[in-house]
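Asks: curious how this folds, go ahead:
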Amino acid sequence: SVLGKAKTGSDIKHATKSNCELWISMPSLLDHQQQPGDPTTTSSNSNYVLSQDDDDDGDQQQPTSAVRQNASTLLGKPVISITHMPGAEPFFLPRPLHERAGALVHNQLFQKTMIALIVLNSLITAIGTIDMEESIEQAFDTADTVLLCIFTAELGLHILYYGPELFHDGWLTFDFVLVTCSWAFQAMTVLRAFRIVRAVRVVSKVKDLRELVMALFHTVDRMGAIASLLLLIYFVFTIFFTELFKDAYAKGVTSEDHFSTLGLTAFTLLQFMFLDDWSSMTKELMAEYWWSWIPILVFIIICTFVVMNLIIAVICDAVGAIQTDEMTANLDVMQRATEAAISLAETKQREEIRRLETKVDQLMTLLQQQKGMS
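Replies: Numbering: from 1, shown residues only. Here you go, the predicted structure:
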């Protein structure tokens, strides 16, 4: 088999020239970039259906035009799209109930409803911080508990569908930890502020946010290098400014002591870097040191504009790399599916040839028997 683990026999639903639909097992092909919580994602045993789809609704993630054109060229058929099909093996439930649970957790309306409830829960928690009557506070607490029960039911559906494989996915494990800790801290008044952390679950539900977070994790090494460079620049300028302006407060040049010690200078440079009241301090220094604006502007340009823009560039590059990997994975899926479809067509063609050869041999045998009888 072209796919190695591709299912054959009864698992191949349809493969004809008029309706090219092929069920293919793609274990771990997209695990590095797609998550089970997303409607277009897959588990480690996900199935994809290669089919003609003329009425895309726009919500499902579709292959790019280049991928479609490549598949169409190889197959000589119209545009072909890939649609997610739940593929986790039943663990707790019989297969019919397991498939229903999978269809529910991957339903787009269900996912959007859960996102809306998370946002609602965040608003309730925020409003609950306002002083109000005890009866209203109890109503808000009851609403929070009801929403937590709904989140727990959703998590239960994921557990029933994925089984132990749920803990192989970082985002679902993150949801499990948040919901479990929410119940653990529910009775603790001091830790009830933890409830607002449940708002972070929106990240695990929205694909774009997940990609951004993954991009941040992928840039840890480069961010470490940039942070080291920033610390080095910061350390050099801290000593430099302390040497230049350590007597400014003693001379009455500045209204506050900003540069007499390394600690005060470091805090002042932090204000400069975030452009916090830097102009007023610069004007005070310029009254005695007319040239003081030069080192201050040099520090601000290097730290605030150059280094910060470098950080943004690294993050944008990481996001672009993730999107490129996603397009490459889609292309790989299309190529594998195309090869499988071609292999299946060739296999059927060979079987048809063998069948025809068998019929010809039978006819030749009958003709020879008739000649022998005559």
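
Asks: other SSEs contacting the strand or helix carrying residue 142?
Replies: Residue 142 belongs to helix 134-162 when assigned by DSSP states H and E. Counting contacts by 3 or more C-beta pairs under 8 Å, 6 or more residues apart in numbering; DSSP states H and E, helix 134-162 is packed against helix 95-105, helix 108-127, helix 170-184. C-beta here means a position set from N, CA and C on the backbone, and glycine is covered the same way.

Asks: how about residues contacting the longest one?
Replies: So that's helix 108-127. Contacts to helix 108-127, defined as C-beta atoms under 8 Å, 6 or more residues apart in numbering, come from residues 37-39, 59, 104, 140, 143-144, 147-148, 150-151, 154, 195-196, 198-199, 201-202, 205-206.

Asks: can we see that at 6 Å?
Replies: Outside helix 108-127, the residues that touch it by C-beta atoms under 6 Å, 6 or more residues apart in numbering are 39, 59, 104, 140, 143-144, 147, 154, 195-196, 198-199, 201-202, 205.

Asks: quick check: the farthest pair among those?
Replies: 59 and 140 (33.4 Å; C-beta to C-beta).

Asks: for these two, indicate the residue with more neighbours.
Replies: Comparing residue 59 with residue 140 by neighbour count (other C-beta atoms under 10 Å), the higher total belongs to residue 140, at 16 against 12.

Asks: just give the nearest non-adjacent residue to residue 321, would you?
Replies: Spatial nearest neighbour of residue 321, excluding adjacent residues (C-beta to C-beta, 6 or more residues apart in numbering): residue 218 at 7.2 Å.

Asks: burial measure for the one you found, as a count.
Replies: If you count neighbours by other C-beta under 10 Å, residue 218 ends up with 17.

Asks: check residue 159 too.
Replies: Neighbours of residue 159 using other C-beta under 10 Å come to 18.

Asks: look up how far residue 234 lies from the most centrally placed residue in the chain.
Replies: Nearest to the geometric centre of the chain sits residue 210, at 3.1 Å (C-alpha atoms, centre = their mean). The gap separating residue 210 from residue 234 is 33 Å, by C-beta to C-beta, to the nearest Å.

Asks: how far away is the residue nearest to residue 321 from residue 317?
Replies: According to C-beta to C-beta, residue 218 and residue 317 sit 9 Å apart.

Asks: ok, residue 296 next?
Replies: Taken as C-beta to C-beta, the span from residue 296 to residue 317 is 31 Å.

Asks: neighbour-wise, which of these two wins?
Replies: Between residue 296 and residue 317, counted using other C-beta under 10 Å, residue 296 has the larger neighbour count: 21 against 14.

Asks: which residue packs closest to that one, ignoring adjacent ones?
Replies: Among residues not flanking residue 296 along the chain, residue 282 sits closest, at 5.3 Å (C-beta to C-beta, 6+ apart).

Asks: one more: residue 151?
Replies: Closest to residue 151 by C-beta to C-beta, 6+ apart is residue 179, at 5.4 Å.

Asks: just the pLDDT for the one you found.
Replies: pLDDT, residue 179: 86.

Asks: likewise for residue 4?
Replies: pLDDT, residue 4: 39.

Asks: go on, residue 208?
Replies: 80.
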